[in-house]
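1. got a sequence here, can you model it:
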Amino acid sequence: MWMLVTALLWSLLPRGTFSIVAYDPETGELGVAVASRVLAVGYIVPWAEPGVGAIATQALANVSYGPEGLKLLKEGLSPEEVIRRLTEADTGRESRQIGIVDAQGRSAAYTGSGCQPWAGHRTGPNYSVQGNILVGPEVVDTMAKTFEQTKGPLAKRLLAALMAGDQVGGDRRGRQSAALLVVREHGGYDGVGDRLVDLRVDDHPQPVQELARLYDLWSYTFLADAYLRFGDQAKARGDTVRAQKEYARAIEIMKDAIQKRPESPEVYNALAWAFATRKMRLEEALQLAQRAHELAPDDPNIMDTMAEVLYGLGRYAEAVEWETRALEKSPNDAFFKKQLQKFRRALEGEK
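-> Numbers count the residues shown, from 1 in each chain. Reported below is the predicted structural model:
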């Protein structure tokens, strides 16, 4: 009995949420950022599929709007037509709120008359912002303006918009959870799956700030690597323009991480390795590797990076010296052994 009562009470709770759905025409990425005074909002609101669209279903959320809406978009319906189809079939539509953007950048939103104030939405090219039980319209207005003015990867722009909405008051009942979802074909870890970014803060006194902290870590740990992979794939296809754009996104992320973590050897080393293995900006890579080594003089991985940079610069003897030092620190490392063989072959060929 108590479970039935709990479920009934939960169904009657007001759900205040603010979100943004968006599309990046440059990369094809689609995403959703959302925050609420509800537990685990990322479990309910965000839906996205590469090449199809992104949907936020909220207020007294009809979760079926997510998968059904994506299905209708895939059938060729516009976001406006999808919303009409979904709400016409829903007797509870006046308590619903939904925002949609498709893979053509078309956007649409719906706020039912029964959503608790303040409730409303703003749409623009490539995005839709929506919210209910907010402190006022300034939340969605600020989010829309921030998204339009922010540069960089879609995930960064979505997060900036969410943070701006939170800073002007957000959900008038308080804060509890937040989430960020960005999809791109083969954008998942090591190219498996499509979840380029998938972060959730389910229960936290400052969920949007915590989401931003997690994104900072995620971006240079996983997101930059994904953009490097996209760049490598474009380069292999002979699309050098696309490759340079993808590389630029990765470099921007890692340089931002260096600014935020100037005493972290890992971020210097990661960027140096990215440059070295692609034979690009090698003098800058050398400076980065040197700084990483200064911060962590006993790290064999940084020594290996230094060796790779020197190899790229044609300084084979020094590369051998640094890789030998790396092996002294980690004598059973098979990769370091292969690296040393490569550098020695280059040195012998030079002689």
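2. now the strands for the stretch 101-250 of the chain?
-> For the stretch 101-250 of the chain, the strands defined by DSSP state E, counting those that start in this stretch cover 107-111, 120-124, 127-132, 177-183, 195-201.
3. for the last one, packing partners?
-> If I follow you right, that is strand 195-201. Strand 195-201 sits against strand 177-183, helix 207-218, with contacts defined as 3 or more C-beta pairs under 8 Å, 6 or more residues apart in numbering; DSSP states H and E. Glycine gets a C-beta too; all of them are placed from N, C-alpha and C.
4. domains in the protein, by residue range?
-> Residue ranges for the domains of the chain, per automatic domain parsing: 13-208, 263-350.
5. now the last one: mean pLDDT?
-> Along domain 263-350, the predicted local confidence has a mean pLDDT of 96.
6. related to what we said a few turns ago, which of the strands of the stretch 101-250 of the chain sits most buried?
-> Of all these, strand 127-132 has the most neighbours on average by mean count of other C-beta atoms under 10 Å, namely a mean of 30.
7. pairing partners for it, with directions?
-> According to DSSP bridges, strand 127-132 has the following sheet partners: strand 17-23 (antiparallel), strand 120-124 (antiparallel).
8. between those, which gets nearest to Lys279?
-> Nearest to Lys279, of all the strands paired with strand 127-132, is strand 17-23, at 33.9 Å by C-beta to C-beta.
9. that older thread, make JSON lines out of the strands of the stretch 101-250 of the chain and add distance to Glu29 and mean pLDDT.
-> Shown next, in JSON lines, are those (distance: least, C-beta to C-beta, whole Å; pLDDT from 0 to 100):
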{"stretch": "strand 107-111", "distance to Glu29": "15", "mean pLDDT": "98"}
{"stretch": "strand 120-124", "distance to Glu29": "17", "mean pLDDT": "97"}
{"stretch": "strand 127-132", "distance to Glu29": "12", "mean pLDDT": "98"}
{"stretch": "strand 177-183", "distance to Glu29": "6", "mean pLDDT": "98"}
{"stretch": "strand 195-201", "distance to Glu29": "6", "mean pLDDT": "98"}
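10. I'd like those as TSV, with distance to Glu26 appended.
-> Below are the strands of the stretch 101-250 of the chain laid out as TSV (distance: least, C-beta to C-beta, whole Å):
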stretch	distance to Glu26
strand 107-111	17
strand 120-124	16
strand 127-132	14
strand 177-183	13
strand 195-201	14
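11. and Leu134, how many neighbours does it have?
-> Burial measure for Leu134: 25 neighbouring residues, criterion other C-beta atoms under 10 Å.
12. in this structure Phe203 contacts Glu210, no?
-> I think there's a mix-up here, since residue 203 is Asp and not Phe. No: at 10.0 Å, Asp203 does not count as touching Glu210 under the criterion of C-beta atoms under 8 Å.
13. the two: which is more packed in?
-> Glu210 (17 against 11).
14. show me what contacts the more buried one?
-> When contacts are counted by C-beta atoms under 8 Å, 6 or more residues apart in numbering, Glu210 is found next to Ala178, Val201, His204.
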